[in-house]
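*Asks:* I would like to see how this sequence folds:
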Amino acid sequence: MPSHANPVNWFEIPVNDLARAKSFYEKCLSVEITESEMGPSKMGWFPMEMGAMGSAGTLIKSEGYTPSHDGTLVYLHVDAIDPTLEAINNAGGKTLMPRQNIGQHGFIAHFEDCEGNRVALHESPES
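*Replies:* From the prediction side, this is the model:
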């Protein structure tokens, strides 16, 4: 792996109800999620730009994928955490850890999505 590359290039967030999760994330993050199927997997793709910095990812409903608080934690970048947490709570999610300062790296928070996943938010220090 090149030393200048960030190691993550893809993430998948397990869901039980793709339509519900798609609606939740679209409302909370003000994004459009595109549904597709790959074999037996049903997916909801977050917006992405090929060749751009950062990671792309999807919501996924498939055998062997179970929403939970355990395991890997995905951080989604947002312009401002507090209004995003408000949208999350209004859309059926729940704040697990409110906005916290992480010094020169900005701010973070954790939430539970509508499917029962623990997911995190990151706000840049310049925001």
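*Asks:* first-to-last residue distance for stretch 46-60?
*Replies:* 11 Å (C-alpha to C-alpha, to the nearest Å).
*Asks:* show the average pLDDT along that stretch.
*Replies:* For stretch 46-60, mean pLDDT rounds to 90.
*Asks:* wait, residue 47 touches residue 26, no?
*Replies:* No: at 10.4 Å, residue 47 does not count as touching residue 26 under the criterion of C-beta atoms under 8 Å. In this view, the C-beta of every residue, glycine as well, is placed from N, C-alpha and C.
*Asks:* more neighbours: the two, which one.
*Replies:* Each of residue 47 and residue 26 has its neighbours counted (other C-beta atoms under 10 Å); residue 26 has more, 15 against 10.
*Asks:* dump the residue contacts of the more buried one.
*Replies:* Counting by C-beta atoms under 8 Å, 6 or more residues apart in numbering, residue 26 touches 32-33.
*Asks:* what lines up beside the strand ranked longest in the chain in the sheet?
*Replies:* For the chain, the strand with the greatest residue count under DSSP state E is strand 94-101. The strands that strand 94-101 pairs with in its sheet are strand 107-112 (antiparallel) (by DSSP bridges).
*Asks:* can you pull out the helices in the chain?
*Replies:* 18-29, 81-90 (DSSP state H).
*Asks:* go through those and pick out the most buried.
*Replies:* A comparison of those by mean neighbour count, using mean count of other C-beta atoms under 10 Å, puts helix 18-29 on top with a mean of 19.
*Asks:* and that one, C-alpha only, in PDB?
*Replies:* Provided in PDB are the C-alpha atoms of helix 18-29 (Å, rounded to 0.1, in the frame of the first residue of the first chain):
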ATOM      1  CA  LEU A  18     -33.300  -0.700   2.700                       C
ATOM      2  CA  ALA A  19     -36.200   1.700   2.000                       C
ATOM      3  CA  ARG A  20     -36.400   2.800   5.600                       C
ATOM      4  CA  ALA A  21     -32.600   3.200   5.900                       C
ATOM      5  CA  LYS A  22     -32.400   5.100   2.600                       C
ATOM      6  CA  SER A  23     -35.000   7.500   3.700                       C
ATOM      7  CA  PHE A  24     -33.300   8.000   7.100                       C
ATOM      8  CA  TYR A  25     -29.900   8.800   5.600                       C
ATOM      9  CA  GLU A  26     -31.300  11.000   2.900                       C
ATOM     10  CA  LYS A  27     -33.200  13.100   5.500                       C
ATOM     11  CA  CYS A  28     -30.400  13.200   8.000                       C
ATOM     12  CA  LEU A  29     -27.400  13.900   5.600                       C
END
